[in-house]
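Novice: The following comprises the amino acid sequence and a computationally predicted model.
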Amino acid sequence: MKVLVTGAAGYVGMNVVEALLARRTEVALLDAGELTAPIAAALAQHGALADVIPVDIRDAGEVERAFAGRRIDGVIHCAAVTAGTEREAREPASSVEVNQLGTLNLLTAARNHGVRRFVYTSSAAVYGESLYRLPRIYEDSSPVSPVSLYGITKYAAERMCVRLRELWQFDVVCARLGTLVGPWERATGVRDNFGTHSQLARLALRGETAVLPQHAVRRDWIYSRDVAGGLILLLEAESTRHAVYNLSAGGDWGPVQKWCARLKAAYPRFDYRIAASGEAPNIGYTDRDRCPLDIGRMVSEFGFSPRATDAGFDDYLDWLQSTPGAIA
């Protein structure tokens, strides 16, 4: 089996690649960016199993050539522009071109080359304001009302996947991801919103003090390696009952102070405190609590079982200590 992963050197993509290579699966890694030294070192351990292909998915010809001559059995499409507000205003076309046109190019090439299944990584951002208004989010019954260009373009691409699944009788499945915590998040040039837990890890590695917002945000963060496992379950399942699945932890991971305490124990020069009245925090994250995504479909259909918070933190700390420079 050979799997093609797009955005392979990015946050989600690298977790997927790492998991596939650990299983001795051949992987074609599509990415338009340069490989960092830690990523190159991780791939080098697997030799010829890792086939790195520089491709801009906006170019249909480049995408077609990436499939040609390679017997690709499955695709996990992770490439996306995750634009912040400034990029949305400055260059809205980039989100549309990568997130929508790039997805269409990949779907077309995958169909032309007989790919068995195409897994599209969508996002909880498609639910938009519903994430802050409902007690729990379900795939079919919860209103979809994306606000950001990221959420809007991800939803448009997702619906395109579902429509072409019907028209082409092509096996496409979409996973709406929760907010990730864990290895391989870095500044790639297409990801503007650096995760809270990664920001804290970077401060810990530098021996600096984190000044936290006064409101301890709560949400169903999910460990990045569990996301990879869930996407691979969707890829390898004999069949799927639905076109869309929520993929998250399914419950509250607790406030970020839990992660701060773990970092403090591992890196004693690191410290953290709550911002005083009128003081600006030195990490950025939303000040709104978010309800959990229901993951009943993933659990009942595939036996998906995301790890608990402490287990995720244990693994993340091990990775930080064994992968120098990966989050600098």
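Specialist: Looks like it came in fine.

Novice: drop to CA atoms for contacts and neighbour counts, all remaining ones
Specialist: Noted.

Novice: and Leu20, how many residues sit next to it?
Specialist: When neighbours are defined as other C-alpha atoms under 10 Å, Leu20 has 21 of them.

Novice: what's it in contact with, if anything?
Specialist: 26-27, 232 (C-alpha atoms under 8 Å, 6 or more residues apart in numbering).

Novice: Following element in sequence after the strand or helix carrying Val3, please.
Specialist: Here Val3, judged by DSSP states H and E, is contained in strand 2-6. Sequence order places helix 11-22 as the next helix or strand after strand 2-6, per DSSP H and E.

Novice: quick check: mean pLDDT across the very next helix or strand once past that following helix?
Specialist: On the C-terminal side of helix 11-22, the closest following helix or strand by DSSP H and E is strand 26-31. Mean pLDDT, computed over strand 26-31, is 97.

Novice: CA atoms only for strand 26-31 - export them in CSV, please.
Specialist: Extracted C-alpha coordinates of strand 26-31, given in CSV (Å, rounded to 0.1, in the frame of the first residue of the first chain):
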residue,chain,number,x,y,z
GLU,A,26,5.1,3.7,1.7
VAL,A,27,4.3,7.4,1.8
ALA,A,28,4.4,10.0,-1.0
LEU,A,29,4.9,13.3,0.8
LEU,A,30,3.5,16.3,-1.1
ASP,A,31,4.5,19.7,0.2
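
Novice: And for that strand, what's in contact with it?
Specialist: By C-alpha under 8 Å, 6+ apart, the list of residues contacting strand 26-31 reads 1-9, 17, 20-21, 48-56, 79.

Novice: Filter the contacts of Leu20 down to the buried ones.
Specialist: The neighbour count (16 or more other C-alpha atoms under 10 Å) marks 26-27, 232 as buried among the contacts of Leu20.

Novice: in the stretch 201-328 of the chain, what spans have low per-residue confidence?
Specialist: Where the stretch 201-328 of the chain drops to pLDDT under 70, the residues are 285-287, 328.

Novice: If we use 90, what do you get?
Specialist: 213-219, 252-255, 283-289, 324-328 (pLDDT under 90).

Novice: for this structure, which helix is longest?
Specialist: If you go by DSSP state H, the chain has its longest helix at helix 149-168.

Novice: Can I get that helix in CSV, CA atoms only?
Specialist: Listed next in CSV are the C-alpha coordinates belonging to helix 149-168 (Å, rounded to 0.1, in the frame of the first residue of the first chain):
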residue,chain,number,x,y,z
LEU,A,149,-12.3,32.5,5.4
TYR,A,150,-10.5,29.4,6.7
GLY,A,151,-13.8,27.9,7.9
ILE,A,152,-15.7,29.1,4.8
THR,A,153,-13.2,27.6,2.3
LYS,A,154,-12.9,24.4,4.3
TYR,A,155,-16.6,23.9,4.3
ALA,A,156,-16.9,24.7,0.6
ALA,A,157,-14.2,22.2,-0.2
GLU,A,158,-15.8,19.6,2.1
ARG,A,159,-19.2,20.0,0.3
MET,A,160,-17.4,19.7,-3.0
CYS,A,161,-15.9,16.4,-1.8
VAL,A,162,-19.3,15.1,-0.8
ARG,A,163,-20.9,16.2,-4.1
LEU,A,164,-18.2,14.6,-6.2
ARG,A,165,-18.4,11.5,-4.1
GLU,A,166,-22.0,11.2,-5.3
LEU,A,167,-21.4,12.3,-8.9
TRP,A,168,-18.3,10.3,-9.5
